[in-house]
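> whatever this is, show me its structure:
(chains A, B, C and D)
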Protein chains: 2
Amino acid sequence: MAQQASENTSLIESLFEIFRNHGYEGTTISLLSEVTGLQKSSLYHHFPKGKEDMLKAVVSYVSAQIHQYILTPLSDSKVKPEKRFTDLIVTIKVFYGDGRKNCLLNVLNLGDAKTEINELQNNDYSAWLNALIQLGKEAGMTQQDAAVWAERFLIVVEGTLVIQRLTSDTHTFENQMEYEQKQFHQLLKQG
Amino acid sequence: MAQQASENTSLIESLFEIFRNHGYEGTTISLLSEVTGLQKSSLYHHFPKGKEDMLKAVVSYVSAQIHQYILTPLSDSKVKPEKRFTDLIVTIKVFYGDGRKNCLLNVLNLGDAKTEINELQNNDYSAWLNALIQLGKEAGMTQQDAAVWAERFLIVVEGTLVIQRLTSDTHTFENQMEYEQKQFHQLLKQG
DNA sequence: TGTACTGTACCGAATGTTCGGTATATTGAT
DNA sequence: ATCAATATACCGAACATTCGGTACAGTACA
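Residues are numbered from 1 along each chain as shown, chains lettered A, B, ... in the order given. Predicted structure coming up:
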């Protein structure tokens, strides 16, 4: 039942908000119950294998979202690279609530985790990274420059989320994304 | 008893490793007991107020470390800014185990936490940020440039830790720190 | 003897999970 | 169209386990 992302997306989205905000251990079934409005036993009806199944459903859902709203547009060669990058930043802002919402990548990889979920996330990260590298190359960067730039961009995104969560300064994310815009164009002029 | 960082530093260091690796909720007393080799009662003897007290001791300890090994050298005006920055990066590499070890700042600020510990960490972050800004200014940057640069540096540090934890690519941290070195000198030439 | 620490046993509360059962909607055969 | 059978969504109460924490007798060493 768990993989049915068909129409219980609002349920999964609720779970998503909790997991990204509290991490796996910090998320309790009671909390999920509160937030979804469903009783614990009802949650187990939707996800028979329990908490981990709920997380898997969330991760799958998010992965699909990323492909649809981030990776696909990023690889759309009909659109100019500069515009694709600008669009990406807009999407990212929405996805992370202007930096107020965490990234699952950060929150789920604690402990000694080398789980199936970890691999899924790793794949998505790689896909994202490669799409960015490709974009950089299409925009005129060398392979080397594009690789460095792409990795650095994702690092800045993740890092900004950490810092903004700490300081609660809502401008941090905006500022950094602006900076990334400038850097992008500057790298193109150089190359 | 908890604040006595006198000679049980090896104990606190063990606790530190667990907390930074598993977060607060992910850290159980049993786990702490396993890792330290102490029974629960012994742990509670050292930290009568329990788990939160252990975390406080860790945070205080880390804060002291940061002041001693990072903030103080960073503000040593007898040393050239460029060298201070290079030294900082060396220290950071050690502190984060070349990117293999987490940052407490990231790991402890999940959920809706607005605790006393949170404030402590916020102070340390601010102090670090300000020291970097000061360094930037001493190196010739404008206040504005220094502020942007300093924030960005810390963002990159945190972000790199997140990404490296995900990919287990041990070169990420090194690469990014090298990049920061170059950026630093480039910003100075510009200004 | 006194003080610092450890080992064992235990507790209440919270955790994730399961069970038995209800209500409603859907289906299939007549 | 009717009625039984099934499927789906949900709930309340209990489950076993683990959680953080306590009590207390014992040990080591001064």
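
> what about A:T115, neighbour count?
Using other CB atoms under 10 Å in any protein chain shown, A:T115 has 16 other residues around it. Just so you know, the C-beta spots here come from the backbone N, C-alpha and C atoms, and that holds for glycine as well.

> how about A:S30?
A:S30, neighbours per other CB under 10 Å, totals 9.

> do the same with A:K182
When counting by other CB under 10 Å, one arrives at 9 neighbours for A:K182.

> how near is it to A:K189?
Distance, A:K182 to A:K189, using CB to CB, to the nearest Å: 11 Å.

> same thing with A:Q164?
29 Å.

> tell me the contacts of A:Q134?
Contacts of A:Q134 were listed using CB atoms under 8 Å, 6 or more residues apart in numbering or on different chains, and they are A:75, A:146.

> tell me the helices and strands packed up against the strand or helix carrying A:L43.
Following DSSP states H and E, the helix or strand that holds A:L43 is helix A:40-46. With contacts defined as 3 or more CB pairs under 8 Å, 6 or more residues apart in numbering or on different chains; DSSP states H and E, helix A:40-46 has these neighbours: helix A:29-36.

> which stretch of helix or strand covers A:Q65?
A:Q65 belongs to helix A:51-66, assigned by DSSP H and E.

> what is the rounded mean pLDDT of that helix?
The predicted model assigns helix A:51-66 a mean pLDDT of 96.

> check whether it contacts DNA strand C.
Yes - counting by CB under 7 Å from any atom of the strand, contacts between helix A:51-66 and DNA strand C involve A:51-52.

> could you check how far A:F16 is from A:M54?
Shown here: A:F16 relative to A:M54, a distance of 10 Å by CB to CB.

> ok, now A:I89?
31 Å.

> which of these two has more residues huddled nearby?
Legend: neighbour count by other CB under 10 Å for A:I89 and A:M54, higher for A:M54 (26 against 18).

> how much space between the more buried one and B:I89?
Here A:M54 is placed at a distance of 41 Å from B:I89 (CB to CB).

> can I assume A:R84 is in contact with A:L135?
Yes - judged on CB atoms under 8 Å, A:R84 makes contact with A:L135 at a distance of 6.1 Å.

> where in chain A is pLDDT low?
Filtered on pLDDT under 70, chain A yields the residue ranges A:1-7, A:191.

> what about A:K56, how many neighbours?
So A:K56, with other CB under 10 Å, has 18 neighbours.

> what do you get for the one 10 residues further on?
Here the count is done by other CB under 10 Å, and A:I66 has 17 residues near it.

> ok, A:Q164 and A:K189, which is more surrounded?
A:Q164 (24 against 7).

> quick check: the residue of chain A nearest DNA strand C.
A:G50 (2.7 Å; CB to the nearest atom of the strand).

> give me the nearest residue to that residue, chain neighbours excluded.
The shortest distance from A:G50 to any non-neighbouring residue, by CB to CB, 6 or more residues apart in numbering or on different chains, is to A:Y44 (6.6 Å).

> which residues of chain A fall in helices?
A:9-26, A:29-36, A:40-46, A:51-66, A:72-74, A:81-95, A:104-107, A:116-138, A:143-167, A:171-190 (DSSP state H).
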